[in-house]
Structures are given as structure tokens and as C-alpha cells.
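Trainee: Based on what follows, work out the 3D shape:
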Amino acid sequence: MSQNLLSLTLPDDQLAAIDATLTQLEAQLVGLVSLTIDDRRALAKMGPKSEQFCRQTLIALAQHPQVVPPGLSVAEAQADLAALDRLRPRLLRLQRLVERAQDTDMALGSDVMSAALEGYALLRVSGKHHGLETLRQSLSARFDKTARRAEVPPLPGPLAS
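Mentor: From the prediction side, this is the model:
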């Protein structure tokens, strides 16, 4: 019996609405940045353990402005913290949505892979009797650990694309 973890239909009008919503979301979040790997490595990071330290330090600096040199903008750091506090709940919602989308992608791919493996097993058993040996051999390249992608022969007939 074939695996069927999920059945999902995404009609064109629903995909168009999703794409429009994503476009609107991207437009609303135009201020987000993209960091390079080197940028990420070089940055000081505020993890969960450091967050309380940062919050308390900003409060202390705001209460004692006489110790703050002109080059350190406490107001800018406070604005960054406020923006972080406002962004995080939305980020959590987006992360949950992305996790669900990734899980759905995995489940759909697993359903397809399961059906394909079951179908391939059928081709191996009865393909010789139905003139499908060439197709079966072409498909068997997926399991050949020494074959390179460029050497895999194309599928014959309407299955090729």
C-alpha cells in the first residue's frame, strides 16, 4: 500500500493570492538586511543569555548619561532594542510557517518518492514482460553510485523532460 502522508491542492488563484501576499510582505519588510557569512561571523551576537545583560546595561546608561561618551548612542541602541522587540513575534510566526511549509515539502516529496520506489519495484519485476526493460535500466541509474549525472541516459518517450 502506498504512503500518503498528505494530499494538497494549490489552485492557481490561491497561488496568485499567496504570491501577492508575499510581495506585500516583502514590501513591508524592505528595511530587513542580508548579511554575508563573513558579516555574520564578525558580528557581536546577543544570545538569550546576553539579552538581559544588554537590557540592564541600556537602562543603566540611560539613567547615568554622564558616563556615556558622545560616540555611544544610547538612544539608537534603545531604538534597536524596541525594533527587535516588535520584530520578534512576527519572526516567530514566520519561522513556524516556514517550518510547516518545509515539513509539507518533505511529506509531499516522501509520498512521491515512496510511490516512485514502489513503481520502480513493479517495473523491475514485470517490466521485462511488457517491453519496459530500457526504461527500467534508465531509471536504475538513480541507484548506481558510480554513475555521474551527465552519463545518465535520458528517459525515452513522453516521460522525458
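Trainee: helices or strands up against the worst-scoring helix or strand of the chain on mean pLDDT?
Mentor: Across the helices and strands of the chain, the lowest-confidence element by mean pLDDT, DSSP states H and E is helix 133-140, at a mean of 76. Helices and strands touching helix 133-140, by 3 or more Cβ pairs under 8 Å, 6 or more residues apart in numbering; DSSP states H and E, are helix 74-126. No exception for glycine: its C-beta is placed from N, CA and C like everyone else's.
Trainee: packing partners for the helix it packs on?
Mentor: Judged by 3+ Cβ pairs under 8 Å, 6+ apart, the packing partners of helix 74-126 are helix 48-63, helix 133-140.
Trainee: any idea which of those is most buried?
Mentor: Of all the helices and strands packed on helix 74-126, helix 133-140 has the most neighbours on average by mean count of other Cβ atoms under 10 Å, namely a mean of 15.
Trainee: Would you mind stating the distance between the residue of the chain most remote from its centre and Leu72?
Mentor: Relative to the mean C-alpha coordinate of the chain, counting by Cα atoms, centre = their mean, the farthest residue is Gln66 (46.8 Å). Look at Gln66 and Leu72: by Cβ to Cβ, to the nearest Å, they are 13 Å apart.
Trainee: and the helix or strand where Glu26 lies, average pLDDT?
Mentor: Using DSSP states H and E, Glu26 sits in helix 12-28. For helix 12-28, mean pLDDT is 97.
Trainee: distance between that helix and the chain's centre?
Mentor: Remark: helix 12-28 is offset 17 Å from the chain centroid, using Cα atoms, centre = their mean, to the nearest Å.
Trainee: What is it packed up against?
Mentor: Helix 12-28 packs on no helix or strand, going by 3+ Cβ pairs under 8 Å, 6+ apart.
Trainee: so where's the chain shaky on pLDDT?
Mentor: Along the chain, the model assigns pLDDT under 70 to residues 1, 127-130, 146-161.
Trainee: could you redo the last one with a cut-off of 50?
Mentor: 160-161 (pLDDT under 50).
Trainee: Could you dump the helices and strands packed on helix 74-126 into a markdown table with distance to Ile37 added?
Mentor: Listed next are the helices and strands packed on helix 74-126 as a markdown table, based on distance: least, Cβ to Cβ, whole Å:
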| stretch | distance to Ile37 |
| --- | --- |
| helix 48-63 | 22 |
| helix 133-140 | 38 |
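Trainee: quick one, which of those helices is nearest to Asp38?
Mentor: In terms of Cβ to Cβ, the element of the helices and strands packed on helix 74-126 nearest to Asp38 is helix 48-63, at 21.6 Å.
Trainee: Thank you, goodbye.
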